[in-house]
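Engineer: predicted model and sequence follow; I will ask about them next.
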Amino acid sequence: MDRSRSLEELERDRWQAPPPDATRLMSRVHALRSRPVGTLTVEDLRLLIRQDIGLAVLLPLAVEVLRDNPLAEGHMGEGDLLCAVLTRNSAIWSAYPDPARQLTFIVGGLSGLSPDLRSEVERFVGAVQNS
């Protein structure tokens with residue numbers, strides 16, 4: 001993947017400009033889609049993944065970040081990128097088996113997680129194993 005290219009370029013899908021009355025979130029998502037994916041921050045990845053945008057490109061990038069720092073945080077606090085990734089529809093992971101295996105390995109080594117995050121880890125691992 002060419003990290004100097006944007007989601008718009010990689011997906012070959014340019015969105016129209018957001019309407020004048022667009023929410024702050026909508027405007028931000030539109031702007032992030034035009035930035036090179038290699039410049040996206042943890043918060044940018046979290047935000048886009050939570051919106052199910054660019055998952056084919058962003059899930060592997062997020063797993064790379066999580067490999068180095070499983071509890072990487074954006075603006076929502078420690079582990080928010082992991083939570084965003086884990087809470088995607090479990091069917092998506094069958095399309096991305098390599099990142100799913102890597103993420104399963106990453107979360108298998110985590111301890112001391114909050115009950116909510118531990119629950120999401122268990123749900124994810126169960127879904128991946130059953131797919």
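Structural biologist: The structure has been received and is ready for your questions. Nothing here was measured: the structure is a model prediction, and the numbers come from that model.
Engineer: quick one: mean pLDDT over stretch 90-107.
Structural biologist: Averaged across stretch 90-107, pLDDT comes to 88.
Engineer: contacting residues around the residue nearest to the spatial centre of the chain?
Structural biologist: In the chain, the centroid-proximal residue (CA atoms, centre = their mean) is Ile49; its distance is 3.9 Å. Residues in contact with Ile49, defined by CB atoms under 8 Å, 6 or more residues apart in numbering, are Leu55, Leu58, Leu59, Ala62, Leu81, Ala84, Val85, Arg88. Using the backbone N, CA and C atoms, a C-beta is placed for each residue, glycine as well.
Engineer: list of residues touching the helix or strand hosting the fifth one?
Structural biologist: Under the criterion DSSP states H and E, the helix or strand holding Leu81 is helix 80-86. Contact partners of helix 80-86, identified using CB under 8 Å, 6+ apart, comprise 42, 45-46, 49-50, 59, 62-63, 65-66, 70-74, 76, 103, 107, 117, 120-121, 123-124.
Engineer: follow-up on the earlier one: of the contacts of Ile49, closest to Tyr96?
Structural biologist: Checking those against Tyr96 by CB to CB gives Leu59 as the nearest, at 5.7 Å.
Engineer: contacting residues for that closest one?
Structural biologist: Residues counted as contacts of Leu59 (CB under 8 Å, 6+ apart) are Ile49, Val85, Arg88, Ile92, Tyr96, Pro99.
Engineer: what's the answer for Pro18, then?
Structural biologist: Applying CB under 8 Å, 6+ apart, one finds that Pro18 lies in contact with Met26, Ser27, His30.
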